[in-house]
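**Student:** Turn this into a model:
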Amino acid sequence: MISVIVPVYRAEAYLEHCLRSITEQTYRDLEILLVDDGSPDRCPAICEAWAQRDPRITVYHQHNSGGGQARNTALDAARGEYIAFVDSDDYLAPQMLEFLLGLMEDDIDLVECGYVTTSDDSARFDALEAPCHSGCCSGREAMREHILDRRFRQIIWNKLYRRQVIGEVRFPQGTAIDDEFWTYRVIANARKLKWSDKALYAYRQQPDS
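**Tutor:** So this is what the prediction gives:
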């Protein structure tokens with residue numbers, strides 16, 4: 001099972017599209033953890049409505065504490081063998097999770113795919129049958145790529161993590177940016193990592209991002 005973690009805050013205009021892209025994944029064995037971070041708009045109601053429609057969805061509500069605490073809440077509750085993160089204004093290609101899971105092997109702890117930057121709901125993803133570049137590396141090699149900001153960058157949402165490689169690593173609280181202080185610690189725990197440049201995640205840029 002893959003645990004998909006979505007912190008939710010002021011994403012009313014985009015949340016429906018985000019959740020549709022997750023629930024319609026070709027890989028079906030998911031638990032979807034939505035953490036309402038005290039969102040002042042209709043996001044809490046949208047989350048609850050989706051939980052009524054899909055039994056794989058669980059909703060948590062908390063006082064506004066930031067994205068780091070929201071992700072920590074879900075990590076503490078997650079039951080999946082693998083973990084994925086999605087931002088509530090972004091969305092996925094239908095085959096993204098199935099593709100990433102296919103990259104996992106017995107000694108691989110973390111995999112990542114490419115992404116596209118978009119401002120709307122019509123991002124163009126790479127076809128699964130299209131050629132792409134991919135590779136495998138050790139944790140030390142991945143850390144070098146991370147430091148050079150080439151691959152395995154600090155962004156958390158284009159990756160699939162084996163649950164054990166995260167372990168007790170948690171996000172900092174009360175910071176405007178939290179992934180930068182989390183990703184390198186998880187990479188340091190990994191035995192091997194695999195990457196593909198096939199773009200399957202839509203990273204939305206919008207005024208309230």
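**Student:** Now do the residue most central in space within the chain, the pLDDT please.
**Tutor:** The chain has F85 as the residue nearest its centroid, 1.9 Å off, counting by C-alpha atoms, centre = their mean. We have a pLDDT of 98 for F85.
**Student:** What of Q173?
**Tutor:** At Q173, pLDDT is 86.
**Student:** Quick one: residues contacting it.
**Tutor:** S65, G66, G68, Q69, N72 (C-beta atoms under 8 Å, 6 or more residues apart in numbering). (Each C-beta comes from the backbone N, C-alpha and C, glycine too.)
**Student:** What residues of stretch 166-178 count as buried?
**Tutor:** Residues of stretch 166-178 classed as buried by neighbour count (16 or more other C-beta atoms under 10 Å): I166, V169, R170, F171, D178.
**Student:** Now secondary structure and distance to P44 too, for the residues you listed, in CSV please.
**Tutor:** Listed next are those as CSV, based on DSSP: H, G, I helix; E, B strand; the rest coil; distance: C-beta to C-beta, whole Å:
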residue, secondary structure, distance to P44
I166, helix, 27
V169, coil, 28
R170, coil, 24
F171, coil, 21
D178, coil, 22
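**Student:** among those, which one has the lowest pLDDT?
**Tutor:** Minimum pLDDT across those falls on D178, with 83.
**Student:** Which stretches in the protein count as helices?
**Tutor:** For the chain, helices defined by DSSP state H occupy the ranges 15-23, 43-53, 67-77, 96-103, 139-147, 163-166, 183-189.
**Student:** Of all those helices, which one is nearest Q206?
**Tutor:** Smallest distance to Q206 across those (C-beta to C-beta): 11.9 Å, for helix 15-23.
**Student:** quick one: furthest residue from the center of the chain?
**Tutor:** P131 (23.8 Å).
**Student:** pLDDT below threshold where in the protein?
**Tutor:** Within the chain, the ranges that satisfy pLDDT under 70 run 208-209.
**Student:** ok, longest strand in it?
**Tutor:** strand 192-204 (DSSP state E).
**Student:** List the buried residues of that one.
**Tutor:** K192, L193, K194, W195, S196, K198, A199, L200, Y201, A202, Y203, R204.
**Student:** relative to helix 96-103, how tilted is it?
**Tutor:** Here the directions of strand 192-204 and helix 96-103 differ by 170 degrees (axes from the mean of the first three to the mean of the last three C-alpha atoms, to 10 degrees).
**Student:** Partner strands of strand 192-204 and their direction?
**Tutor:** Partners of strand 192-204 in the sheet, by DSSP bridges, are strand 91-92 (antiparallel), strand 108-118 (parallel), strand 134-138 (antiparallel).
**Student:** count of neighbours near D41?
**Tutor:** Using other C-beta atoms under 10 Å, D41 is surrounded by 14 other residues.
**Student:** Check whether it really touches R10, as I assumed.
**Tutor:** Yes. With contact defined as C-beta atoms under 8 Å, D41 reaches R10; the gap is 5.8 Å.
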